[in-house]
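*Asks:* Got a sequence here, can you build the structure:
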Amino acid sequence: MKIQRLLIFIYVFLLMTLALCFVMLSKRPDFMAYAADGTLGEAKTEAGSETESGSNANKSNGKEVLTVGVPMDRCPLFYIDVDSNEIVGIGADLMRYVGEEAGYEVVLRQIEEGNLKDALDNSTYDVILPFGSAITSTSGHNSVVTENLFQTPFTLVTLKQDEVPPLDSLKVGMLKSLGGGADTVRQLYPGIEITMYDTMADCVKALRDDKVDALLHNSYVWSYVLQKPSYSDLEVQPEAMFSMDFRAGVRDTVNGREVVERLNAGISKLTDTRRQAVILDYTSRDLYRYDLSDFLYRYGISILLVFLLFIALIIIAIQRVRAVRRENERKLQQMINQDHLTGALSMTGFRKKAAQLIHDNPDTPYLLAFVNIKNFKFINDSLGRRAGDDLLRFWVAETMKTLSDREAMGRVGADHFVVLRISGGEDRLRRDDEEVIGSVRNYFLDRGKENLVLVSGGLYVLTSEDYRHVDVDHMLDLASMAERKIRDKQGDGYEFYNPDQWDKGKHVADVISQLPKALKEGEIQVWYQPQVDYATGEITGGEALCRWKHGKIGWIPPGSFIPILEDAGMIYDLDHYVWETACKDLKRWIDMGIHRSVSVNVSRCDIREDRDLPELFSEMVKRYDVPPELFHIEITETAYADNSEMLIRTTERLRELGFQVEMDDFGSGYSSLHMLKEVPVDRIKLDLRFLTDTGDQEKGRIIIGYMIRMVDSLGMKIITEGVETREQADFLRSQGSTEMQGYFFYKPMPVIEFEDLGSK
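*Replies:* Below you'll find the model as predicted:
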């Protein structure tokens, strides 16, 4: 009974609390004052009628009245204060100040048109705000704009965890009221595709329906809009931020130009300190007001389940709302990751992105470049700070054109920049020097000024340790040390911190980039090492091996390029070429009356779930009319140990299709006996390392003898590779193994020499 009474008491108490909450909310004068997309709610109707007859021909208090039309869907730039019922905000306050300095009494009026282009055709407005640049009205009239009141950062918003494509290939959603701004964005990024929507809700729906990649709006407006709970799946992308001007505009008439000229005089008196004070004032205010739909969005399901639980969740919601607000404030702080002057990453942003790229791309050869303008102070002193800023922006813009999404550029400070670049060998380095650094060097010369820009750079090539333990600051220090060498020499150019690592990386890049050309132009040759029956002296077959004769540097050892291609995931291209060539040679030998088998190697990288090797080999031998039993396929023992299940399936299928499958390098790994039990193969290729000069030779012979008898008992054939002496050959023959391969008999040889062996 006591528990029941307690539950009844709690239930009644919560009911009373709920009723009290609704009463208090309904009496708040600012409840539903703003919608979550920045538009006005109930308080909207009275404010815009403040001046229906605004014209600068009217006088008020001895001053000309200037009617300024503003959109009301972008709080905190413009909104109606619920206490004074006046239009206020960052843009509103700055415009009032500029107008006062220009001798006007500014009256702000909400534009009724859907966008600024339509508003330009309405003569009841003397001036329209805001414009990024001059635009053409809907009826085709040109406009003229004032100087910039302040820089407004524009930021992309995406669904959380979405990656943002480059701006030049982006599909963006914008509000129709931002039509003028959209024209400016198209000028900045010609490849961008912009779709206009009536409301922010329409924009968000298009984003969630994958009709656009991102939404674009003023960052200050985003700080307000994203506080809406139902938009919690959206996030700001600070690395995709850029700035646009905030200007007043009017139709291009004589009177319009006079107004712009007077306003420009007022803008010239607007100090940076005042701008920042106004921006800080409004961005630090708590402007967002949650309406009933926000609460229902969060807790509607709970209401349907149980009324008591709904009340409890209301209390939790207050804390949740505060957390969402703090999270959005944190996202705004992330804008510090972007350098506002140049558009490059800030040092903080670069550290984060560089570390992430290195972590996500452990097989990509990277280098870090630390670059400095040696005579930047002289440029600032002689040509002015604006010229220096233009140079820095130019440098970043030219560099960004050459960067992929796996590369990054940051501004360390002043005239120092750092670039994480994929190492592309000497050719890539030369192109960067010509296309980017060369353009920077000649920046002022190309503009008619006798000032050569001196650039010094330090290059640090990442080592394997850098990928295991990513320390961007340490890499920067080393690249900076290399740059200092050039600077101290009073020279211009670049210096490597670790030239040996650069040479190694260059060799890797050269091998990877030149393989397609080598395959196409016949630099890759297929040689054969004969396999013999020691008892009869007959050549029974040969192992297909590849050799690379480079057009410029000559023969490249297989041990130099095969591991590189395996690491780069390109060994399949080389192996496929060898398989195809071996099939052609087999067909030619059959036509010549020479019948011998060919063994081809299959790398562990060649066998994948998405690649049907048995079917590929089957089609290949059918195409060249070669019996599959003459086409032996060698797979190393260690490959079976790495991925035994898939390799066993592949082996079984190959044998079903008539191919002979060999286990290569048997005895070199640690799972030999286990592999013999599990893997269905036709022939074992025995590694002869047990008979090398090291270790107990007698024990080695005993092991080899038992291996031969064991393989024979299992019903498999055996061939021994690496036979180098007559003593080894005689021993193997005495143990019952007569098929051999090694330097004692033949070294690998070109195909013509291998064919000639058959005619002797």
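
*Asks:* how close does C583 get to C546?
*Replies:* 15 Å (C-beta to C-beta, to the nearest Å). Using the backbone N, CA and C atoms, a C-beta is placed for each residue, glycine as well.

*Asks:* wait, isn't T342 in contact with F394?
*Replies:* No: taking C-beta atoms under 8 Å as the definition, T342 is not a contact partner of F394, at 9.2 Å.

*Asks:* Low-confidence regions, the stretch 451-600 of the chain specifically.
*Replies:* Low-confidence regions of the stretch 451-600 of the chain, defined by pLDDT under 70, span residues 490-491, 498-513, 564, 567-569.

*Asks:* what about 80?
*Replies:* In the predicted model of the stretch 451-600 of the chain, residues 484-519, 521, 550-554, 556-570 satisfy pLDDT under 80.

*Asks:* in the stretch 351-500 of the chain, which spans are strands?
*Replies:* Taking DSSP state E, counting those that start in this stretch, the strands of the stretch 351-500 of the chain run over residues 366-373, 408-413, 416-422, 455-461, 493-496.

*Asks:* Looking at those strands, which is nearest to V88?
*Replies:* strand 408-413 (35.6 Å; C-beta to C-beta).

*Asks:* neighbouring contacts of the closest one?
*Replies:* Residues from elsewhere that reach strand 408-413, judged by C-beta atoms under 8 Å, 6 or more residues apart in numbering: 339, 341-342, 344-347, 349-351, 353-354, 357, 370, 392, 396, 399-400, 403, 417-420, 476.

*Asks:* Please pick the buried ones from those.
*Replies:* Listed as buried from the contacts of strand 408-413 are 339, 342, 344-347, 349-351, 353-354, 357, 370, 392, 396, 399, 417-420, 476; burial here means 16 or more other C-beta atoms under 10 Å.

*Asks:* Next up, phi/psi of E105, please.
*Replies:* For E105, the backbone dihedrals (degrees, to the nearest 10) come out as phi -100, psi 110.

*Asks:* how would you label I635: helix, strand or coil?
*Replies:* The assignment at I635 comes out as strand when based on DSSP: H, G, I helix; E, B strand; the rest coil.

*Asks:* doesn't I648 make contact with it?
*Replies:* No: at 10.4 Å, I635 does not count as touching I648 under the criterion of C-beta under 8 Å.

*Asks:* Spatially central, which residue of this structure would that be?
*Replies:* By C-alpha atoms, centre = their mean, the chain has its centre lying nearest to D405, at 3.9 Å.

*Asks:* contacting residues for that residue?
*Replies:* Counted by C-beta under 8 Å, 6+ apart, D405 has contacts P166.

*Asks:* backbone phi and psi for it, please?
*Replies:* Torsion angles, degrees, to the nearest 10, at D405: phi -70, psi -10.

*Asks:* how much space between it and I556?
*Replies:* 32 Å.

*Asks:* so who does I422 touch?
*Replies:* The contact partners of I422, by C-beta under 8 Å, 6+ apart, come to T364, P365, Y366, L367, S404, R406, E407, R428.

*Asks:* are any of those buried, and which?
*Replies:* P365, Y366, L367, E407, R428.

*Asks:* Rebuild the residues you listed as CSV, extending it with distance to N264 and pLDDT.
*Replies:* Formatted as CSV, those follow (distance: C-beta to C-beta, whole Å; pLDDT from 0 to 100):
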residue, distance to N264, pLDDT
P365, 53, 86
Y366, 49, 89
L367, 48, 87
E407, 41, 92
R428, 47, 77
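
*Asks:* ok, so of these, who is nearest V324?
*Replies:* Among the buried ones among the contacts of I422, and counting by C-beta to C-beta, the member closest to V324 is E407, at 34.1 Å.

*Asks:* from memory that closest one sits against A354, does it?
*Replies:* No: taking C-beta under 8 Å as the definition, E407 is not a contact partner of A354, at 9.4 Å.

*Asks:* overlap in contacts of the two?
*Replies:* Contacts common to E407 and A354, judged by C-beta under 8 Å, 6+ apart, are L420.

*Asks:* Sort out which residues of stretch 585-596 are buried, please.
*Replies:* For stretch 585-596, a neighbour-count test (16+ other C-beta under 10 Å) marks D585, L586, W589, I590, I594, R596 as buried.

*Asks:* so who does E609 touch?
*Replies:* M646.

*Asks:* Do a quick rundown of the strands in the stretch 1-150 of the chain.
*Replies:* 59-60, 63-70, 79-80, 87-88, 104-110, 127-131, 143-145, 150-159.

*Asks:* that older thread, look at I635 and I648 and report which has more neighbours.
*Replies:* I635 (26 against 16; other C-beta atoms under 10 Å).

*Asks:* And the more buried one, how close does it get to T463?
*Replies:* For I635 relative to T463 (C-beta to C-beta), the value is 33 Å.

*Asks:* again with C583
*Replies:* Taking C-beta to C-beta, one finds C583 at 42 Å from T463.

*Asks:* In terms of neighbours, single out the busier of those two.
*Replies:* Comparing C583 with T463 by neighbour count (other C-beta under 10 Å), the higher total belongs to C583, at 23 against 14.

*Asks:* Could you find the closest non-adjacent residue to that one?
*Replies:* If the residues on either side of it in the chain are set aside, C583 comes closest to Y624, at 4.5 Å by C-beta to C-beta, 6 or more residues apart in numbering.

*Asks:* OK, contacts around that neighbour?
*Replies:* C583, K584, L586, K587.

*Asks:* what's the nearest residue to the last one if we skip its chain neighbours?
*Replies:* If I follow you right, that is K587. Once chain neighbours are set aside, the closest to K587 by C-beta to C-beta, 6+ apart is Y624, at 4.5 Å.

*Asks:* Need the pLDDT of that neighbour.
*Replies:* pLDDT recorded at Y624 is 93.

*Asks:* ditto for the one 3 residues further on
*Replies:* On the pLDDT scale, P627 is placed at 94.

*Asks:* Go ahead and confirm it touches V621.
*Replies:* Yes: with contact defined as C-beta under 8 Å, P627 counts as touching V621 (7.3 Å).

*Asks:* So for the two, which sits in the more crowded spot?
*Replies:* Taking other C-beta under 10 Å, P627 and V621 do not tie; V621 has more neighbours (21 against 13).

*Asks:* Give the buried residues for whichever strand or helix holds that one.
*Replies:* Element membership for V621, per DSSP states H and E: helix 613-623. Using 16+ other C-beta under 10 Å as the test for burial, helix 613-623 gives L613, P614, F617, S618, M620, V621.

*Asks:* Residues in contact with it: which ones?
*Replies:* The contact list for helix 613-623 (C-beta under 8 Å, 6+ apart) reads 579-580, 583, 602, 606-607, 627-628, 631, 633, 650, 653-654, 656-657, 659.

*Asks:* export whichever strand or helix holds H217 as CSV, just CAs?
*Replies:* Assessed by DSSP H and E, H217 sits inside strand 214-218. Only the C-alpha atoms of strand 214-218 are listed here, as CSV (Å, rounded to 0.1, in the frame of the first residue of the first chain):
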residue,chain,number,x,y,z
ALA,A,214,26.4,19.4,-48.7
LEU,A,215,24.5,22.5,-47.7
LEU,A,216,26.2,26.0,-47.9
HIS,A,217,25.4,29.0,-45.7
ASN,A,218,26.9,31.6,-43.5
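
*Asks:* Off-centre distance for it?
*Replies:* 20 Å (C-alpha atoms, centre = their mean, to the nearest Å).

*Asks:* Would you mind giving the orientation angle of that strand with respect to strand 127-131?
*Replies:* 130 degrees (axes from the mean of the first three to the mean of the last three C-alpha atoms, to 10 degrees).
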